[in-house]
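# Build me a model from this:
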Amino acid sequence: PPGSTLFPYTTLFRSLFAFKKVQYCVSLKISIIYLVSSLFLLANNLFASHVTVVDGDTIKLGDVKIRFNGIDAPEINQTCVASEGKVSCGKISKDILLTKVTNNKISCTDEGKDFYGRVLGECFVNGESLSRYLVREGFAFAYRKYSDKFILDEEYAKSNRLGMWSMKFQFPWDYRKSNN
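Prediction:
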């Protein structure tokens, strides 16, 4: 009580206790915010070590089929004409992707679903976008109908005559139209 010799210490103790209590509440709030944001990131990203390559722009992580958003690779049975003759550019594109993902951990964003119910996303190996890699190396194309994200990568591949840009080919969307 006021007038007591313990009053200043009692007040100091209460102030310190109140400060510790506020500090604890702030730490708890920060921890909760961190947890919620981590769960949000996990909910919007897919991680897996078991990967199946379906074709040059589609993989399966476990049971989830993921179509790379913003790119289009040749169909699996599509051929191109290289200097040595006809080649299976669809299988080449798939094999390039398979080589890139083999023995690596994949992470993918979930950007919604396409008309066929596949997850649309962008997948990464060691922080590198597989979509950007495939387009920049000339084994897939920027799918301008849906995105402009990979146009500069496509222009790089085209100007350096990389991958399919060194061959005679039909764009995958034109190939599908003429073969369905």
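# Helix or strand: which one has Arg67?
Secondary structure from DSSP states H and E places Arg67 in strand 64-68.
# Can you name the next helix or strand after that strand?
strand 71-72.
# what's the offset of that next one from the middle of its chain?
Here strand 71-72 is found 14 Å from its chain centre; the criterion is CA atoms, centre = their mean, to the nearest Å.
# Just the mean pLDDT for that strand, thanks.
Strand 71-72 comes out with an average pLDDT of 98.
# what pairs with that strand, and is each one parallel or antiparallel?
Here strand 71-72 is paired, per DSSP bridges, with strand 141-142 (antiparallel).
# Name the residues that touch the strand it pairs with?
For strand 141-142, contacts defined as CB atoms under 8 Å, 6 or more residues apart in numbering pick out 70-73, 135, 148-151, 153-154, 171-172. (C-beta placed from N, C-alpha, C; glycine too.)
# and the helix or strand just after it, what other elements does it pack with?
As assigned by DSSP H and E, the chain's next helix or strand after strand 141-142 is helix 151-159. Judged by 3 or more CB pairs under 8 Å, 6 or more residues apart in numbering; DSSP states H and E, the packing partners of helix 151-159 are helix 130-136, strand 141-142.
# Determine how far helix 151-159 lies from the middle of the whole chain.
With CA atoms, centre = their mean, you get 20 Å for helix 151-159.
# Tell me where the protein has helices.
Counting by DSSP state H, one finds helices in the chain at the ranges 7-43, 89-101, 130-136, 151-159, 172-178.
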